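> Sequence first, predicted coordinates after that:
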Amino acid sequence: MQVEFKNVSFYYNYNMKDEKKALSDINMYLQSNLIHGIIGSIGSGKSTMLELMNGITMPTSGEITIGKYELFKKSFKFNKFRYDVGLVYQFPEKQFFCNSVGEEVAFAEKIFNPKNKNIKTKVVKVLKMVGLDKTYLKRNPSMLNGGEKRRVAIASVLISNPKLLILDEPTIGLDNNSKKNLMDLLRILKEKYLKTIIIVTHDVDMLYEIVDNVVVLNKGKIVVQGNKLDVFSNVDLLDKNNAPVPSVIRTEKIIYDKTGVDLGYLPNMNSLVRAIKSAIEKNKFEDQKKAVPYE
């Protein structure tokens, strides 16, 4: 499910005289069945863009098209749109209000599709999608660990089988193991279930590992957008616009600037450590070869 912004601007009206431009003349195209990241400093416009994509906020000017939906046009049907676009808020588990995981995940389906007689079967299927089995049905969601809570929150959105999944700071509060499990889940949702996924976050180390494309915002404008390697490798541009840089990219640049050694594409810090170790071992071997006299 593609997302397209055409000349989109949004103003916050503080009163009849004063306005603040949150987004200015945004043109953006996010392709279907890929994982996209949106980054930028605080106040760059990320949250506003997220609200526009979810149909919560109407743009001051411009056009937004998501899949077959032309948002806020006369033909726009919000109820159907809500089925195709799911938003997982930052700390969504704080919004849990049911006593069991089964009830929590089933809630939206009972509201929007009350005639469905196979809700429990659908709940079990969705839990399986996020890596949880039916033993979780009767468990209290407030008693789960952070990673499990986040999975239940995602399942409660997936119950409507959205084609587009939007996540706001999904890794906040998660330990490294839970974060890794979440990243694995997002890859599965993209590759097996063909979801389009948009992640709004400051966690660029996570983004660098799993996204296909990145959009960088600063002061309500798009600074750069495109393939993650092209975007993240432009460290000077990111620094200039107060955008975060993945740790592996930052470290690789320091190594290159000081030694001239280009380590190539490395997906994370663990791979960087292995590459450095391999380079050291190779240099030791070369030094040993030079030290051995010919017979």
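Arrived safely.
> Pull the number of nearby residues for the nearest residue to Val231 once chain neighbours are set aside.
In space, Val231 comes closest to Val214 once its chain neighbours are excluded; the distance is 4.3 Å by CB to CB, 6 or more residues apart in numbering. The C-beta positions use only the backbone N, C-alpha and C, and glycine is treated the same way. For Val214, the neighbour count with other CB atoms under 10 Å is 24.
> Was I right to think Val214 contacts Ser233?
No: the pair Val214 and Ser233 does not pass the contact test of CB atoms under 8 Å, sitting 10.9 Å apart.
> Count the residues that sit near Val88.
When neighbours are counted by other CB under 10 Å, Val88 comes out with 19.
> And the residue nearest to the spatial centre of the chain, what's its pLDDT?
Using CA atoms, centre = their mean, the residue of the chain that lies closest to the mean C-alpha position is Ile199, 1.8 Å off. For Ile199, the model assigns a pLDDT of 96.
> Three-state assignment for it, please.
Under DSSP: H, G, I helix; E, B strand; the rest coil, Ile199 falls in the strand class.
> Identify the residues contacting it.
By CB atoms under 8 Å, 6 or more residues apart in numbering, the contact set of Ile199 is Ile35, His36, Gly37, Ile38, Ile166, Leu167, Pro170, Leu186, Leu207, Val211.
> quick one: which of those residues is nearest Leu132?
Leu186 (15.1 Å; CB to CB).
> that's a helix at that closest one, yeah?
Yes: counting by three-state DSSP, Leu186 is located in a helix.
> list the contacts for it?
With contact set as CB under 8 Å, 6+ apart, Leu186 has these partners: Ile35, Ile197, Ile199, Ile210.
> swap in Gly226?
Contact analysis of Gly226 by CB under 8 Å, 6+ apart lists Asn213, Val214.
> re the thing from before, dump the contacts of Leu186 to TSV, plus distance to Ile42.
What follows is the contacts of Leu186, written out as TSV (distance: CB to CB, whole Å):
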residue	distance to Ile42
Ile35	23
Ile197	23
Ile199	17
Ile210	23
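> now, which of the residues you listed sits nearest Glu4?
Ile197 (16.5 Å).
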